[in-house]
Each structure stands twice: as structure tokens, then as C-alpha cells.
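**Student:** Give me a 3D structure for the following:
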Amino acid sequence: MRRIIAIVSLALFVMVSMPTVATAGAAKGQKLFKKKFRKKCGFSGVRFARHHMQDEWEEIYDDGKFPDEAKKICPRLKLNKIKPSWWKHVYEFSVKYAKDGVVPKC
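**Tutor:** Numbering: from 1, shown residues only. Okay, here's the model as predicted:
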């Protein structure tokens, strides 16, 4: 009986913590946007993310065109100043706050 309770508890813990892992990348992406993109873009990260729908962002990222799209939206952005590892987090942020995504809290 104890073993069953332990397994169920572990499964419940894993299920509850899964959404937290997914939003961690979006939160890091938001911080990166504030620090590295905002001055060059001249507008907020949510305004950046709202340029596309979630499926459009996914297609752009899957095609490997996310940095090019960011440059198109923010022409003054210097791509060589952005570390390759940061793009995934900014992408997750963009998907979360896309036109059809989460409405930001004010």
C-alpha cells in the first residue's frame, strides 16, 4: 500500500511540475528581451511577440528563421550580440505571448 501511495504521489508531483518547466523558458525569454532586445527594438517584448500567431512563431522557429524574423521586426538589433542559446528562450516567450496566446498581466 505504501508503495502505491509513493508512486501516485511521485506521478502527481511530476504532473504538477511540468507546466512550470515549460513557462521557465518563457520567463527567461522575457528577461532576455528586456535586457538585450528592448533598447534596440524600442518597444516591449509583448508587442514583439504579438507580431505573429503561435503556429506562425513555431513555423518560423522550426524553419530556422527566428533570428531573421527578429531582425525584420527590430531592424536595429545586432544578431551577432545575441548568444545562440538565448534564441530558444525568446522563442518560447514569443509563443506564449503571441496574438492568440496568453494576455499579459498589467
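**Student:** Do you have the strands of the chain handy? List them.
**Tutor:** Along the chain, no stretch is classed among the strands by DSSP state E.
**Student:** for it, which spans come out with low pLDDT?
**Tutor:** Scanning the chain with the threshold set as pLDDT under 70 gives 12-23, 105-106.
**Student:** now with 90?
**Tutor:** The chain contains residues with pLDDT under 90 at 1-25, 101-106.
**Student:** for it, what spans make up the helices?
**Tutor:** Taking DSSP state H, the helices of the chain run over residues 2-32, 38-41, 45-49, 54-62, 66-73, 86-96.
**Student:** Please tell me how far the last one is from the chain's geometric centre.
**Tutor:** Going by Cα atoms, centre = their mean, to the nearest Å, the spacing between the C-alpha centre of helix 86-96 and its chain's C-alpha centre is 3 Å.
**Student:** Kindly calculate the angle that that helix makes with helix 66-73.
**Tutor:** Per axes from the mean of the first three to the mean of the last three Cα atoms, to 10 degrees, the angle that helix 86-96 makes with helix 66-73 is 70 degrees.
**Student:** could I have helix 86-96 exported to CSV, CA atoms only?
**Tutor:** What follows is helix 86-96 as a C-alpha-only set of coordinates in CSV (Å, rounded to 0.1, in the frame of the first residue of the first chain):
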residue,chain,number,x,y,z
TRP,A,86,19.2,32.7,-26.0
TRP,A,87,17.0,32.3,-29.1
LYS,A,88,15.1,29.3,-27.7
HIS,A,89,14.0,31.3,-24.6
VAL,A,90,13.0,34.3,-26.6
TYR,A,91,11.1,32.0,-28.9
GLU,A,92,9.2,30.4,-26.0
PHE,A,93,8.4,33.9,-24.7
SER,A,94,7.1,34.9,-28.2
VAL,A,95,4.9,31.8,-28.5
LYS,A,96,3.5,32.3,-25.0
